Structures are given as structure tokens and as C-alpha cells.
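A.B. asks: after the sequence you'll find the predicted model.
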Amino acid sequence: MSADSPYRVMTVCTGNICRSPMAEIVLRQRLAEAGLADEVLVDSSGISDEEHGNPVDRRARTVLRAHGYPTGDGHRARRVRAEDLTARDLVLPMTSTHARALRRLAGPDAVLADRVVMYRRFDPEAPAVDDPRSEHLLDIDDPWYGGPDDFEACLAQIEAGADGVVAHVRAALEARGRQEASR
């Protein structure tokens, strides 16, 4: 992608109604605060189509609102497609199960598979994980089956990694600019 095209980030969870839209909303706000809103597009999807067309879960909207974030009005859940990987620079799964599903979608294309990075890898307090078999240690728990405290915990994990994602995106944009300038 060229230096003048936006950097594209996609967050991915199971049904695209809780974790991934929460992460999308948090990242958009953090990127805007960092002055990168015009250079980065963020969206979300799910590995399942069971929630296709549904809005952000009401409990997720409640916790987002309580923390001063937009509530994702207009969001409609959708399933990730293989072509989404081609069209994104960074794909952030919420769990190791999501990461495996995304890597299967990438098939033998190592470039696409390398775009899949566990969201919590960007959390400085998360465990250091070098072996893909241990990626589950970076999972963001699904709040769907829990109550308000589970949604609060989910948002806290998302917020903890957000600044690291922003720093990664900023560095990628700078590298892209240097690469374009050297041509």
C-alpha cells in the first residue's frame, strides 16, 4: 500500500458484537488523540456469522458510554472474509482461537499470516509469548457470558493494549513514508 493510502487495522472476535467493536472504538479514539485519525482506518469483524447484522451488545455499549467512548451506533456485525486480510495492514484477534482462524484464512501466504498479531501483544503488562502454542495466554476473555464486571475487565484489557497498537501503527506509517521517500 502506498504512503498516501490509509493504514488499515481490523479487530476480530467471535461474533463482532462485544470485544472487536469495543477495540475498534477504543483504537479510533486513541488514534484520533494521537493525530492519526486521517491516516488510519479501523474496523472490526468476527470469525463467526452467528451475529451477522446485529448491533454492538447493549452491555458493551453501556461500559463504553460509562468510560466516555462512543457506543458504536450504526455498527452491524459481520464475518471476516479472506479478502479482508489482503485489504488490511494489521489484523488484531482477541484470542488465539481467532488468530488460528485468521491464519487459516491467510492460507500459505506468509505475508498475510504475518499481519495477524494478537491484540494483547501490545499490552506492556501482558505475558511475553514467543511460541504460538502459548498465544492463549494473551486471550481477552469473552464477556458475553458474564455480567458488568466482565465487560469492565474486557474494556480494561483493550485499553491496556491500545497505546501499544497506536505506537506500532505510528512506526509503520513512518517506515512507509521513509520507504516511499527513498523511491
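C.D. replies: The structure has been received and is ready for your questions. Residues are numbered from 1 along each chain as shown.
A.B. asks: quick one, what contacts Ser96?
C.D. replies: Contact analysis of Ser96 by CB atoms under 8 Å, 6 or more residues apart in numbering lists Met118, Pro132, Glu135, His136, Leu138, Asp139. C-betas here are computed from N, CA, C, even on glycine.
A.B. asks: widest-spaced pair of these?
C.D. replies: Using CB to CB, these span at most 13.1 Å, a distance reached by Pro132 and Asp139.
A.B. asks: compare these two (neighbour count), which wins?
C.D. replies: With neighbours defined as other CB atoms under 10 Å, Pro132 and Asp139 compare such that Asp139 has more, 18 against 12.
A.B. asks: let me know the closest of the contacts of Ser96 to Glu51.
C.D. replies: Of all the contacts of Ser96, Glu51 sits closest to Asp139, with 19.2 Å by CB to CB.
A.B. asks: one step back: and the contacts of Ser96, which is closest to Ala171?
C.D. replies: Nearest member of the contacts of Ser96 to Ala171, counting by CB to CB, is Met118, at 17.6 Å.
A.B. asks: what's the residue lying closest to that closest one once chain neighbours are set aside sitting at in phi/psi?
C.D. replies: Among residues not flanking Met118 along the chain, Leu138 sits closest, at 4.4 Å (CB to CB, 6 or more residues apart in numbering). Torsion angles at Leu138 (phi, psi; degrees, to the nearest 10) stand at phi -100, psi 10.
A.B. asks: which residue ranges of the chain form strands?
C.D. replies: 7-13, 40-46, 90-93 (DSSP state E).
A.B. asks: out of those, nearest to Asp123?
C.D. replies: Asp123 sits nearest to strand 90-93 of all the strands of the chain, at 11.5 Å, using CB to CB.
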